[in-house]
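**Q** need coordinates for the below:
(6 chains)
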6 protein chains.
Amino acid sequence: MYEALADTAPDLPRLAVEFAYGDIHTRPGLDAAGRELVTLGALIALGGVEPRLEAHIGSALNAGLEPREVVEAILQALPYAGFPRVFAATAVAGGTSQPPGWGRVFEARDLLPVTG
Amino acid sequence: MYEALADTAPDLPRLAVEFAYGDIHTRPGLDAAGRELVTLGALIALGGVEPRLEAHIGSALNAGLEPREVVEAILQALPYAGFPRVFAATAVAGGTSQPPGWGRVFEARDLLPVTG
Amino acid sequence: MYEALADTAPDLPRLAVEFAYGDIHTRPGLDAAGRELVTLGALIALGGVEPRLEAHIGSALNAGLEPREVVEAILQALPYAGFPRVFAATAVAGGTSQPPGWGRVFEARDLLPVTG
Amino acid sequence: MYEALADTAPDLPRLAVEFAYGDIHTRPGLDAAGRELVTLGALIALGGVEPRLEAHIGSALNAGLEPREVVEAILQALPYAGFPRVFAATAVAGGTSQPPGWGRVFEARDLLPVTG
Amino acid sequence: MYEALADTAPDLPRLAVEFAYGDIHTRPGLDAAGRELVTLGALIALGGVEPRLEAHIGSALNAGLEPREVVEAILQALPYAGFPRVFAATAVAGGTSQPPGWGRVFEARDLLPVTG
Amino acid sequence: MYEALADTAPDLPRLAVEFAYGDIHTRPGLDAAGRELVTLGALIALGGVEPRLEAHIGSALNAGLEPREVVEAILQALPYAGFPRVFAATAVAGGTSQPPGWGRVFEARDLLPVTG
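**A** Numbers count the residues shown, from 1 in each chain, chains lettered A, B, ... in the order given. Down below sits the predicted model:
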């Protein structure tokens, strides 16, 4: 995606890398997994930014969160952002292309039943 | 606060306890600290819900997050929710009444300078 | 409020009256009570517009909705706009100055217990 | 949709049914049509949740609202949520698959001209 | 688009023309280019209204703004609306059908490098 | 305000200065007045960030915009962000402490009647 944006706004990828990653994500004081949990909460509540949510579900897994933890992070937003935003986020999680290990997120059989 | 809301909508506190806490926060698969990080991200991005943000900063500390981690969680929202929402959240963090151990969040001298 | 706004933007009250009321609220096809229910849903979801929400709670009562119906309209937003927005709306409903008949909204004893 | 979401987050459909429908939509004090009007207002103002809006336009018709009332509910959000959100909602209303009686929503000839 | 919306809500195009254009865009006191800059800021921050953003990028160019100014207007929203909304807006700018003179927006070679 | 925030998050003021001002506001390709118009549009649409809106009304005047242009910028957001957000923004404009030349924004007698 960064390549496509670069055609329209060639400085945008650089700003994203320098600010979001260089200035924020790499700060000490909170680990990468914690930062991605905050990011998931923010992206779900914002709404309408599905491509970024998909990317950060991948970042969350890369940061060491288990697929089950990512699904729980999405459900955790329910009382705060409401069902429509969480439905949208779950659809993103269910439809995204799958990096290694990713499949487990979407296979219900790999998740122990939570409620019974 | 729950008492005041109960005068207007007597079922609201019960619904909050049953759904937000009973059905969501107590689910397995993501620990309490992780759930509060997602919640902080969602509340910062929503905006305009300062009393809930204040309450969940307290919940985050109760869940074992360090004050520094809470501050970093707020800063982590910068690239996604923007400066105005993070300024508002930081003002909430700085002005809230302080539960035990809370003071360290607001005393800059307790925080090692991050950038030199 | 319209008077205060008129000092800053003297056309704003006129635009509100002409457009919101003249062009929209007075359209046929949906009665005034129904229009205020839509409006309450929109204002709760928007968030951060408490003075307008307070005004439209009054308009809803003026349109013939019962106080109990107004409280239920606020609770109806829970699954869609989430608890923080509904908490904020309930606080508005509970704290607003009270026009005739308004008190019943805020007195729990006037509301039959819903859940037992 | 519920089936697809169940693959990713198997508890989400259950939570939606239990909370949104079991705890909220079936409360006394406001009828089903009124509840769908609040819901439409909230979904239009939220934005970016078109699949849920489409579903609740169907629920509104099932609750006994006339197609014309649904169109008026969407227009009622104009002064509060603005034209872009209402344009998006109208596009949803115009493109959704049609349950019985639904066609009238989308056929201008069935609607008496409102303004002349 | 107006034609399609007219099938569902035949008064909506008229309301948009009368209010947005007749009452607001044509007011004195701020020129058309300035009005489109405000509009771009609002649409980017709202999010989820890509078709309207695409239309107003065209309106901004018609109002005399240079393509480079439109790109800068989008980047200007970064600190306030955050990267996800600006990524979405940049994607709209990069993918929209091109009115005369429009191509320059999307050809990086036409933009002097800003940072080196 | 920056001093107060520094007690809680000592890096936040630096990040705001470096990113918002250093990386964005000072970019070539759009003048300072144009950048503040975009910013006003974004802040009005975001909602709930009144202190930042007040600050940027001041920045807009400092960038050379006339008070009347600032008022028109706020009204320009009406069709896109809706009346509640514009009412809130107008209240900010009307109540803020006044830098030199600022008074004219709030004195209706200095504004020629726009509509006759």
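
**Q** quick one: the helices in chain A?
**A** Assigned helices in chain A, in chain order: A:2-8, A:12-15, A:32-46, A:50-62, A:67-76, A:78-95, A:103-106 (criterion: DSSP state H).

**Q** dump those into TSV; add mean neighbour count and distance to E:Ala20 as well.
**A** In this view, the C-beta of every residue, glycine as well, is placed from N, C-alpha and C. Formatted as TSV, the helices of chain A follow (neighbours: other C-beta atoms under 10 Å in any protein chain shown; distance: least, C-beta to C-beta, whole Å):
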stretch	mean neighbour count	distance to E:Ala20
helix A:2-8	15	26
helix A:12-15	19	29
helix A:32-46	28	25
helix A:50-62	20	28
helix A:67-76	25	37
helix A:78-95	25	27
helix A:103-106	18	43
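
**Q** and chain A, what are its domains?
**A** A:1-30, A:32-116 (automatic domain parsing).

**Q** out of the ones you listed, nearest to chain F?
**A** Among the domains of chain A, the nearest to chain F by C-beta to the nearest C-beta is domain A:1-30 (5.4 Å).

**Q** in chain A, which ranges drop under the pLDDT threshold?
**A** A:1-6, A:96-116 (pLDDT under 70).

**Q** in it, what residue lies closest to chain C?
**A** A:Gly82 (4.2 Å).

**Q** and that residue, how far from D:Val86?
**A** Plainly put, A:Gly82 is 20 Å away from D:Val86 if you go by C-beta to C-beta, to the nearest Å.

**Q** what parts of chain A come near chain F?
**A** Where chain A comes near chain F, counting by C-beta under 8 Å from any C-beta of the partner chain, the residues are A:11, A:15, A:18-19, A:23-24, A:27.

**Q** which of those count as buried?
**A** For the residues of chain A next to chain F, a neighbour count by 16 or more other C-beta atoms under 10 Å in any protein chain shown gives the buried set as A:11, A:15, A:19, A:23-24, A:27.

**Q** any chance of the backbone angles for the residue of chain A found nearest chain E?
**A** Closest residue of chain A to chain E, C-beta to the nearest C-beta: A:Gly48 (3.3 Å). Backbone torsions for A:Gly48, taken as degrees, to the nearest 10, come to phi 70, psi 10.

**Q** tell me the contacts of it?
**A** D:47-48, E:47-48, E:88 (C-beta atoms under 8 Å, 6 or more residues apart in numbering or on different chains).

**Q** out of those, which one sits closest to chain B?
**A** Once C-beta to the nearest C-beta is applied, the member of the contacts of A:Gly48 that ends up nearest chain B is E:Gly47, at 10.9 Å.

**Q** count of residues packed around the closest one?
**A** Burial of E:Gly47 is recorded as 22 neighbouring residues (other C-beta atoms under 10 Å in any protein chain shown).

**Q** and it, how far is that from F:Asp23?
**A** For E:Gly47, the distance to F:Asp23 - C-beta to C-beta - is 22 Å.

**Q** go on, A:Leu40?
**A** For A:Leu40, the distance to F:Asp23 - C-beta to C-beta - is 26 Å.

**Q** check whether stretch A:27-40 comes near chain B.
**A** Yes - interface with chain B: stretch A:27-40 contributes A:27-30, A:33-35, A:37-40 (C-beta under 8 Å from any C-beta).

**Q** how about those residues in TSV, adding distance to B:Ala60?
**A** Converted to TSV, the residues of stretch A:27-40 next to chain B look like this (distance: C-beta to C-beta, whole Å):
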residue	distance to B:Ala60
A:Arg27	17
A:Pro28	18
A:Gly29	14
A:Leu30	11
A:Ala33	15
A:Gly34	11
A:Arg35	14
A:Leu37	11
A:Val38	10
A:Thr39	16
A:Leu40	15
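
**Q** farthest-separated two in these?
**A** Greatest spatial distance among these (C-beta to C-beta): A:Pro28 and A:Leu40, at 20.8 Å.

**Q** can you name the residues of chain A that neighbour chain C?
**A** Close to chain C, as judged by C-beta under 8 Å from any C-beta, chain A has residues A:78-84.

**Q** what does chain A have sitting close to chain B?
**A** Residues of chain A lying near chain B (C-beta under 8 Å from any C-beta): A:16, A:19-20, A:24-25, A:27-30, A:33-35, A:37-46, A:52, A:68-69, A:71-73, A:75-81, A:114.

**Q** residues touching A:Phe83, list them.
**A** C:79-80, D:16, D:19-20, D:52.

**Q** can we see that at 7 Å?
**A** C:79-80, D:16, D:20 (C-beta atoms under 7 Å, 6 or more residues apart in numbering or on different chains).

**Q** distance check, it against A:Thr8.
**A** From A:Phe83 to A:Thr8 the distance is 34 Å (C-beta to C-beta).

**Q** residue of chain A nearest chain D, please.
**A** For chain A, C-beta to the nearest C-beta, closest residue to chain D: A:Gly48, 3.3 Å.

**Q** pretty sure A:Ala32 sits against A:Asn62.
**A** No - the pair A:Ala32 / A:Asn62 is not scored as a contact, 8.1 Å apart, by C-beta atoms under 7 Å.

**Q** contact residues of chain A facing chain E?
**A** A:4-12, A:14-16, A:20, A:43, A:46-49, A:52 (C-beta under 7 Å from any C-beta of the partner chain).

**Q** residues making contact with stretch A:25-34?
**A** With C-beta under 7 Å, 6+ apart as the criterion, stretch A:25-34 contacts A:35, A:63-65, B:37, B:68-69, B:72-73, B:75-76, B:114.

**Q** which among these are in contact with chain D?
**A** Okay, of the contacts of stretch A:25-34, nothing touches chain D (C-beta under 7 Å from any C-beta).

**Q** residue contacts, the closest residue to chain B within chain A?
**A** Minimum separation of chain A from chain B (C-beta to the nearest C-beta) falls at A:Gly41, amounting to 2.6 Å. When contacts are counted by C-beta under 7 Å, 6+ apart, A:Gly41 touches A:77, B:37-42.

**Q** at 6 Å what do you get?
**A** A:77, B:38, B:41-42 (C-beta atoms under 6 Å, 6 or more residues apart in numbering or on different chains).
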